[in-house]
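Asks: coords please:
(3 chains)
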Amino acid sequence: MTLLATDLTAEGLGYRVDGLELLRGASLHLRAGTVTGLLGPNGSGKSTLLRVVVGALPASAGTLAVTEDGLAHDLTAMRRRDRAQRLALVEQDAHAEVPLRVRDVVALGRIPHERRFGAADGAADAVVHEAIERAGVADLADRSFDTLSGGERQRVQLARALAQQPRVLLLDEPTNHLDLAAQLDMVRLVREVADAGVAVLVALHDLAQAASLCDEVVVLRGGEVAAVGEPVAVLSPALLAEVWRVRGEWVTGERGRALVVSPL
Amino acid sequence: MSAPSLLRAPAGAHPLRPRAASLVVAAALLLAGCAGGGAAAGPTEAAPSPGADDGYPVTVDNCGTEVTLEAPPERIVTVKSSTTELVLALGAADRLVGAAFLDGPFPPDLAEAGADVPILSERAPSAEVVLAAEPDLVFAGWESHFAADTIGDRAELADLGVATYVAPAACQGDGYRPDPLTFDDVFAHVLEAGELLGAREEAAALVEEQRAALAEVEPSTAGLTALWYSSGSDTPFVGGGSGAPQMIMDAVGLENIAADIDAGWGSIGWETVAAAEPDVVVLVDSAWNTAEHKIEVLESNPVTAALPAVAEGRYLVVEFAATEAGVRNVDAVASLAQQLAEVPLP
Amino acid sequence: MTTVRVPPAASAARTGVVARPRGSRVPWLLVGLAVLVVSLLLALVVGPASVAGPAPITPGDVLASAWHHVSAWLAERGLPVAVAENPLSRVRDAIIWEGRAPRAVAAVLVGAGLALCGVVLQAATRNPLADPYLLGISSGAALGAVAVLVLGVAVPLPVAAFAGAVLALLATLGLAGIGGRLTATRAVLAGVAVGQAAAAGVSFVIFSTAQGDSYRDILGWLMGTFGAVSWSSVLIAAVAVVVLGGALLGFGRTLDAFSFGDVAATALGVHVVRTRWLLLVLSALLTGALVSVSGAIGFVGLTVPHVVRLLLGPGRSGNAAVARTSAAVGGVFLLWADTVARTAFAPLDVPVGVLTALLGAPVFAILLMRSRRRGEA
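Replies: Numbering: from 1, shown residues only, chains lettered A, B, ... in the order given. Next comes the predicted model:
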């Protein structure tokens, strides 16, 4: 079974609630096998955009489509189950008080693929096992989810997303509660997932991280896309100053170019 | 809104001031009517105090509260049929300024006397309603009527100059609850009420009359068992072993299948009823739960429908108001005895 | 570069892992059935009529009577079976087969149904304190019951109770759905509002209308009792449990999807609002049917799911397993509770709801102590 190369295209996405437009005219294009970073200050609409894409929030404007093997499919017209078989979301750390075993949490990722009243899928166990291994939570597999630390929970959620066998993976600030080593691990994992052919959209806080990880970045500001493109091109000192009010400097080191950020 | 202060408050409240007290005694002497016979026999004290030959002041221990009347009450309010009918039967209808929470119409012999009695409330009355009638005595059928959220706490009412008296058969406290209730108790209570109301002679006469009527009833010797069915359809609420239902059934000569319930009434299971296979069923008839309704319940429940008593309709009917200790108990006995004689038995 | 997805067989071979190892398979299903059958038999032979009086009904009598009925039924169908004599008189036969038997079966059904509803509602509203009466259902049913028992409306009691339950449900869903999505919180709040309003109505009617001892009737119903259960009410409960309960059991996996909130559930392909509506409505209908049979028995729906989760442990706390097990535990528990309620205080017949409430308090205390211990770790 080979991975169907899947791209995701959003055009003019909008989301309005209570008369407030949290997202306006957002367009982006995710390519299979790439990591796209979603950047922006707090309140710029990153989480909203991710939720609209995965279908948890209804778009009030715009289109969302996935292109598989050259064929475009409208995501909003798709059944939710079918959508969930293609897209997976790892939320910002939430809901710690779930007394399920880690293995069972990861197994939740198989739900979109299960038949309602059918017998359990034997192949599912293998996928779950694989996902647990890839996310590096094998030693936590039999622990109860509510006994884990924030970072461990994040990795378990990633495992669950992997168990969904998604073609598009959305992550909302996955490095938030992780210590440095774990952050680097997570970044490496995301890279690996993308290298396996998945189109990844990851909202990040840390600009330097985004600069090194992402093939492309989308900068949000006030619910609108302010810039799209390669990090080096987009994250210019001018943009950084305007959107984040920080000073940014691209330096060239052993590993190539890196972004160094400092106060204005 | 205060009632005439002819009363001394029960223990714990402030006594009248000395000067007022002597005025009170003088007034009492002036207003006192003819005294009745001797002191009442029975479980409560009624001590005629020295200096007055009309029986007043009267002090009784009523459910643990000391009640003293310096003179016959002139403005009586009653709650429940049992107490109202007692007051009417003692000839004090003219002093009855209000009745509340009656359980049904008055019996024929009291109907005329009770025709003009103002009905203060269909249900349990509130403090305002009762006090608006400016009573000097509130005579209640249940102890629960004297709570802070109903008519009022007894001590507080006494402070307002309102005496309170609970039908002694309804006392719940240890040592006050009649266990079991007997006709002697009922008659003693009538006499005590007569003491309080200044109707000693009437009370004695009433008791005589009732004793005679009771003596005329021959209890059945057939050893028949009975269920006293008061209410309830999921679980029947039945007459237990120590209250008025048991007392009445004893006098009629019926054996109560629920006699081992150590209370006036209790809820038992239909299985227990069916296992005991009562020979007859005594149905309590009330406006809110008629005898017909109870018959329907018995006939539609498959467990009881199989009972001979239900299949053959061996029912005796008694009115609710007659099932609480009062002046109608003897009539109930007589009526039930007569009905029993007419019921076709195997 | 490693791949994320590989053919399952190859993966298994490479890593040497087959399916998740299953522990020793205690045949829980068989154990559960055995416990149920034994409990039912016990309930049939135990009762006030078996201890009191000159001729108590012995277990032998019960068995002989059972055989009488079975043999008669077989003989009617032409089978060559000698019809055994019934040692019980008509009345005593009724005690067993029209009194105890339907009561026991109803207790099992109601207990199973309530526990199942508890599991479903706790998962669907993500509220561990949810119980089947969450949406104001028991108060609505009580209002219907009060209309019959106190106001004397001439409608069969179960019908009125069920109608009240349905009306309360509609009111709750209407209130929760007005001007917004049906979220868990809105449903709970609306249920509280409707429940309180109905309860106030019940109290008012009782207070202002009840005379004499008519409050005893409604009191018994409010606490929940199986006193007047007949085979027709068993039928109602059975149909409700099988049809509605069966449907609910099928939602086990979907309930799991709710574990991490609405967003995660949607991302797993669940139509959150629609599913939540469906779960709430099915649970409410089931609860309404059960309440119309036995009154509002409390604590079963609330505590059995928690107890079962404790027993199963985190390893098997998927909602499907919890739901099945809760139904079984709830049914057996309520059967025992009712058996105790009608025998331990003989001749008094205590409403079973009193007992379940009495047992609920220590259960919660234990749960609290356990959670505190874990929380401090």
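Asks: I'd like the C-alpha coordinates of the longest helix seen in chain B written as PDB, please.
Replies: Secondary structure of chain B per DSSP state H: the longest helix is helix B:200-216. Taking C-alpha atoms only, helix B:200-216 is exported to PDB below (Å, rounded to 0.1, in the frame of the first residue of the first chain):
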ATOM      1  CA  ARG B 200     -66.800  19.200  81.700                       C
ATOM      2  CA  GLU B 201     -70.400  18.200  81.900                       C
ATOM      3  CA  GLU B 202     -70.800  17.900  78.200                       C
ATOM      4  CA  ALA B 203     -67.600  15.900  78.000                       C
ATOM      5  CA  ALA B 204     -68.700  13.500  80.700                       C
ATOM      6  CA  ALA B 205     -72.100  13.000  79.100                       C
ATOM      7  CA  LEU B 206     -70.500  12.400  75.700                       C
ATOM      8  CA  VAL B 207     -68.200   9.800  77.100                       C
ATOM      9  CA  GLU B 208     -71.000   8.000  78.900                       C
ATOM     10  CA  GLU B 209     -73.000   8.000  75.700                       C
ATOM     11  CA  GLN B 210     -70.100   6.600  73.700                       C
ATOM     12  CA  ARG B 211     -69.200   4.000  76.200                       C
ATOM     13  CA  ALA B 212     -72.700   2.800  76.100                       C
ATOM     14  CA  ALA B 213     -72.800   2.700  72.300                       C
ATOM     15  CA  LEU B 214     -69.500   0.800  72.300                       C
ATOM     16  CA  ALA B 215     -70.700  -1.700  74.800                       C
ATOM     17  CA  GLU B 216     -73.700  -2.400  72.500                       C
END
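Asks: From the chain's centroid, how far away is the helix or strand following it?
Replies: As assigned by DSSP states H and E, the chain's next helix or strand after helix B:200-216 is strand B:224-231. What separates the centre of strand B:224-231 from the centre of its chain is 20 Å, taken as CA atoms, centre = their mean, to the nearest Å.
Asks: who touches strand B:224-231?
Replies: Contact partners of strand B:224-231, identified using CB atoms under 8 Å, 6 or more residues apart in numbering or on different chains, comprise B:236-239, B:245, B:249, B:253-258, B:265, B:273, B:276-284, B:289, B:294, B:298, B:309, B:316, B:323, B:340, B:345, C:212-214, C:216-217. Glycine gets a C-beta too; all of them are placed from N, C-alpha and C.
Asks: And the longest helix of chain B, what's buried?
Replies: Neighbour-count burial for helix B:200-216 flags B:200, B:202-207, B:210, B:214 (criterion: 16 or more other CB atoms under 10 Å in any protein chain shown).
Asks: and if you look at stretch A:132-140?
Replies: A:132-137, A:140.
Asks: Pull out the CA atoms of it and give them to me as CSV.
Replies: C-alpha atoms of stretch A:132-140 as CSV (Å, rounded to 0.1, in the frame of the first residue of the first chain):
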residue,chain,number,x,y,z
ILE,A,132,3.1,4.0,19.1
GLU,A,133,6.6,3.1,18.0
ARG,A,134,7.0,6.0,15.6
ALA,A,135,5.9,8.5,18.2
GLY,A,136,8.3,7.1,20.7
VAL,A,137,5.7,6.3,23.4
ALA,A,138,6.2,2.5,23.5
ASP,A,139,7.3,2.6,27.1
LEU,A,140,4.1,4.5,28.0
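Asks: What's the nearest residue in chain A when you look at chain C?
Replies: Checking chain A residue by residue against chain C with CB to the nearest CB singles out A:Ala84 as nearest, at 3.0 Å.
Asks: Helix or strand: which one has that residue?
Replies: helix A:80-86.
Asks: Can you give me the buried ones in the longest helix along chain A?
Replies: The longest helix of chain A (DSSP H) is helix A:180-195. Under the neighbour-count criterion of 16+ other CB under 10 Å, helix A:180-195 has A:182-183, A:185-187, A:189-191, A:193-195 buried.
Asks: contacts for it?
Replies: A:33-35, A:134-136, A:151, A:154-155, A:158, A:162, A:169, A:171, A:174-175, A:178, A:200, A:202, A:206, A:209, A:212-213, A:215, C:1-2, C:4.
Asks: following it, which helix or strand shows up next?
Replies: Next element after helix A:180-195 (DSSP H and E): strand A:199-203.
Asks: Keeping just the C-alphas, turn that next one into PDB.
Replies: Extracted in PDB, the C-alpha atoms of strand A:199-203 (Å, rounded to 0.1, in the frame of the first residue of the first chain):
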ATOM      1  CA  ALA A 199       1.300  17.000   3.900                       C
ATOM      2  CA  VAL A 200       1.900  18.600   7.200                       C
ATOM      3  CA  LEU A 201       0.600  21.900   8.500                       C
ATOM      4  CA  VAL A 202       2.000  22.900  11.900                       C
ATOM      5  CA  ALA A 203       1.200  26.000  13.900                       C
END
